[in-house]
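Asks: let's see this in three dimensions:
(chains A and B)
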Amino acid sequence: MAKMKIKAKAKGDIVKVKAMFTSLMADTEEAEKKKIKVEYITQIVAKHNGNVVFEVSTSGFMAENPLFKFQFKGGKKGEKIEFTTTDNNGKIETGKKKIK
Amino acid sequence: MKTKLIILFSLLAFVLSAPFIFNKSVDIPNPSKLDVDGNFILYEWVEPRVGGGPEWDYNLQPIQITDKVWCFFGAMEMPTKENAGDMSNSCYIQGDDSWIAWDTGPSYIFAKQAYAAMQKIADLPVKHVIVSHEHDDHWLGNNYYKEVHGATIYGPESININYHKGDQTRMIKSLYQDAIRGTELVPVDKSFHDTAEFVLSGVNLEYVKVGYAHSEEDWFLYLPDDKIALVADIVMNGRVTSNRDGLVIGQIEALEAINAREWDHLVPGHGFITDNTAADECVQYFSLVKDRVLDGIDEEIHPDYITKAVTLEEFRDKDLYYLLSPGNVFRAYEELEMYDGDDDEDEDEDEDA
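Replies: Numbers count the residues shown, from 1 in each chain, chains lettered A, B, ... in the order given. Below you'll find the predicted structure:
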């Protein structure tokens, strides 16, 4: 499922994050139409130093390869931000990225 | 009495004109022919007008670049009815017993006239055709060489995947029949998965794969003995390139692969400069596009405004600048929005749970 691309940049005490997840985000209707498996991300969580800094519930209504932008306070260059995605089939994937 | 006569004549006129008013002479054999989006396809039921007039005269003049290589240079324009698709460059390489054609131009008639011009230089058949990429201004002459010379066509696999006999390509749709007549899409006979070195008709060739650069699958041809690179649309000069199907990063890597080889001459896909500065414009263009678009993304410029913020002033006087450069910048934004330079390093950090 989701391969993720993450960009995280610290400016002062604010970290700006962009993350894109490769997924067809195919709900039942679309999957039937395209004759593919029903597969879409249902939850995305981003953590920094063990604290949740971003969390969102998603569904097949989103466009494919969804892209998120957000920012949080308290991150520093060199630290890592970790993403976890869960899809409708319960598959979990993670990805990490160093803050620049 | 007068009123009655007027009414009677009016009725008579209506009856006589009825066949013209309710004209059903346009017969649509299959009116339900719709495309996947439910749009009516007009050209499906209009009879093609083949025409019988004289063939378009491309007035082709081969220019000798090295001892073995001659090229035809097309106009610095988009394909139009006025240039009959002659807006890309194609070359001939002289072998021991045959010509090798590098890209075959926009039509059967173009290829036929190109061969006639080359025949005056050496009366050899064309046994081999090598194609650079899938854009149709570069290979629609293939069927001339296949049908008349029985040539073997070497080219990207993407041509066989994305194009099939009977497809209406951009060129087929846009040219007059006296130019496009006889043109058919023929498949590539032989594809390679990676860069290949081989000898055809006594000529040493390196057919170099550069992958996704100007199009989905790009290749260039390097002749080590002649120190010439035939690079098609990876390089354009004198005009702004079209990156509508390409990738900025892919282009930069492809240009590095070209410059890693020792060449004295380089023939671009569009443009007339063939000396050792031939690739410079393209190297500068893509380097500026990359840097400026990445800066724009860093400054959080909204994609709707990126073409206003990022202009390539250095190329304003080049042909097709106003037509193509904004599109290239917008596409670069889409490509580079998640570009991070060290993506390979990140791959290791992605993991399945």
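Asks: so which helix or strand takes in the residue nearest to the spatial centre of chain B?
Replies: Geometric centre of chain B, nearest residue: B:His135, 3.1 Å, by C-alpha atoms, centre = their mean. In the assignment (DSSP states H and E), B:His135 maps to no helix and no strand.
Asks: and if you look at B:Asn143?
Replies: helix B:142-144.
Asks: now that helix: mean pLDDT?
Replies: In this model, helix B:142-144 has an average pLDDT of 97.
Asks: right, and the helix or strand after that helix?
Replies: strand B:152-154.
Asks: and the following helix or strand past that next one, which residues are buried?
Replies: Using DSSP H and E, the helix or strand that directly follows strand B:152-154 along the chain is helix B:157-162. For helix B:157-162, burial by neighbour count (16 or more other C-beta atoms under 10 Å in any protein chain shown) applies to B:Glu157, B:Ser158, B:Ile159, B:Asn160. Where you see a C-beta, it was placed from the backbone N, CA and C, and this is true even at glycine.
Asks: which residue ranges of the stretch 101-250 of chain B form helices?
Replies: Using DSSP state H, counting those that start in this stretch, the helices of the stretch 101-250 of chain B run over B:108-119, B:142-144, B:157-162, B:170-174, B:177-180, B:248-259.
Asks: hang on, I meant the stretch 251-353 of chain B
Replies: Here the stretch 251-353 of chain B has its helices, by DSSP H, counting those that start in this stretch, at B:280-298, B:306-309, B:321-336, B:343-347.
Asks: and the residue nearest the centre of chain A, what element?
Replies: Centroid check for chain A by C-alpha atoms, centre = their mean gives A:Ile44 as the closest residue, at 4.9 Å. A:Ile44 belongs to strand A:41-48 when assigned by DSSP H and E.
Asks: okay, now the sheet partners of that strand, with direction.
Replies: strand A:51-57 (antiparallel), strand A:80-87 (antiparallel) (DSSP bridges).
Asks: the shortest one: what's the following helix or strand?
Replies: It stands for strand A:51-57. strand A:67-73.
Asks: and that next one with chain B, contact?
Replies: Yes: against chain B, strand A:67-73 shows contacts by C-beta under 8 Å from any C-beta of the partner chain at A:Leu67.
Asks: mean confidence score for that strand?
Replies: 93.
Asks: now do that strand against strand A:41-48, angle only.
Replies: Angle, strand A:67-73 to strand A:41-48, by axes from the mean of the first three to the mean of the last three C-alpha atoms, to 10 degrees: 30 degrees.
Asks: okay, now A:Lys77: neighbour count?
Replies: Around A:Lys77 sit 11 other residues, with neighbours defined as other C-beta atoms under 10 Å in any protein chain shown.
Asks: measure stretch B:223-241 end to end?
Replies: With C-alpha to C-alpha, to the nearest Å as the measure, the first residue of stretch B:223-241 is 24 Å from its last.
Asks: next, the buried residues of it.
Replies: Within stretch B:223-241, the residues that count as buried by 16+ other C-beta under 10 Å are B:223, B:226, B:228-237, B:239-241.
Asks: of those residues, which pair is most distant in space?
Replies: The most widely separated members of the buried residues of stretch B:223-241 are B:Asp226 and B:Val240, with 29.0 Å between them, by C-beta to C-beta.
Asks: for the strand holding A:Ile44, buried residues please.
Replies: Neighbour count says strand A:41-48 has A:Ile41, A:Ile44, A:Ala46, A:Lys47, A:His48 buried, by 16+ other C-beta under 10 Å.
Asks: could I get the strands paired with strand A:41-48 in CSV, plus columns for mean pLDDT and mean neighbour count?
Replies: Formatted as CSV, the strands paired with strand A:41-48 follow (pLDDT from 0 to 100; neighbours: other C-beta atoms under 10 Å in any protein chain shown):
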stretch, mean pLDDT, mean neighbour count
strand A:51-57, 95, 13
strand A:80-87, 94, 20
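Asks: so which of those strands comes closest to B:Val210?
Replies: Nearest of the strands paired with strand A:41-48 (C-beta to C-beta): strand A:80-87, 32.7 Å.
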